[in-house]
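Engineer: Next come a sequence and a model predicted from it.
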Amino acid sequence: MAEKKTLQKRKTEQVEKVERTHDRNVFIPVVDIYETNDEIILVAEMPGVDEKSIDVTLDNDILTIRGRAIDEKPEGYELVYSEYEVGDFERSFSINESIDVDKIEAQYHNGVLTVKLPKTEPAKAKKIEVKIK
């Protein structure tokens, strides 16, 4: 039987339908996930995101990362051709109970968000004393 993964990409049909109040694009950031015996590290590319707009939340075992990219246009110029799109970034993952939620850390540098998810210590076997009445 296959072992359940600690961190899983949320299935598309599980994502809630959200009505947006603005007309910005929403991109799914590309993510690399690394795992050691002690932690899981999630590395997400979020180019152009304003570091003050980054939001990392954990709610009901769903880890969600969000960020809003800055729409910078050079002053005094008129856009004549465009291939680069600006928008928001958002992606969610399901995690299981083996993550120590009080020790999750996140940092953002040069367009890359890194989230460290430390694993909890596995429960150790314990001998239970049987009392005689």
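Structural biologist: Arrived safely, thanks for sending. If you're wondering where the values come from, they're calculated on a predicted model, not measured in any experiment.
Engineer: Can you tell me what sits against stretch 35-45?
Structural biologist: Stretch 35-45 is contacted from outside by 6-7, 29-34, 63, 65, 89, 91, 93, 99, 111-119, using CB atoms under 8 Å, 6 or more residues apart in numbering. Where C-beta positions appear, they are placed from N, C-alpha and C, glycine not excepted.
Engineer: With stretch 117-133 instead?
Structural biologist: 6-7, 37-42, 63, 95, 97-100, 103-104.
Engineer: Buried ones in it, by neighbour count?
Structural biologist: Of the residues in stretch 117-133, those with enough neighbours to count as buried (16 or more other CB atoms under 10 Å) are 117-119.
Engineer: Now do that stretch: distance to the chain's middle.
Structural biologist: From the chain centre to the centre of stretch 117-133 is a distance of 32 Å (CA atoms, centre = their mean, to the nearest Å).
Engineer: Mind listing the residues bridging to Asp88?
Structural biologist: Val26, Arg68 (DSSP bridges).
Engineer: That one contacts Gly67, doesn't it?
Structural biologist: Yes - the pair Asp88 and Gly67 qualifies as a contact (CB atoms under 8 Å) at a distance of 6.9 Å.
Engineer: Would you mind telling me which of those two has the busier surroundings?
Structural biologist: Higher neighbour count among Asp88 and Gly67: Gly67, with 25 against 17, using other CB atoms under 10 Å.
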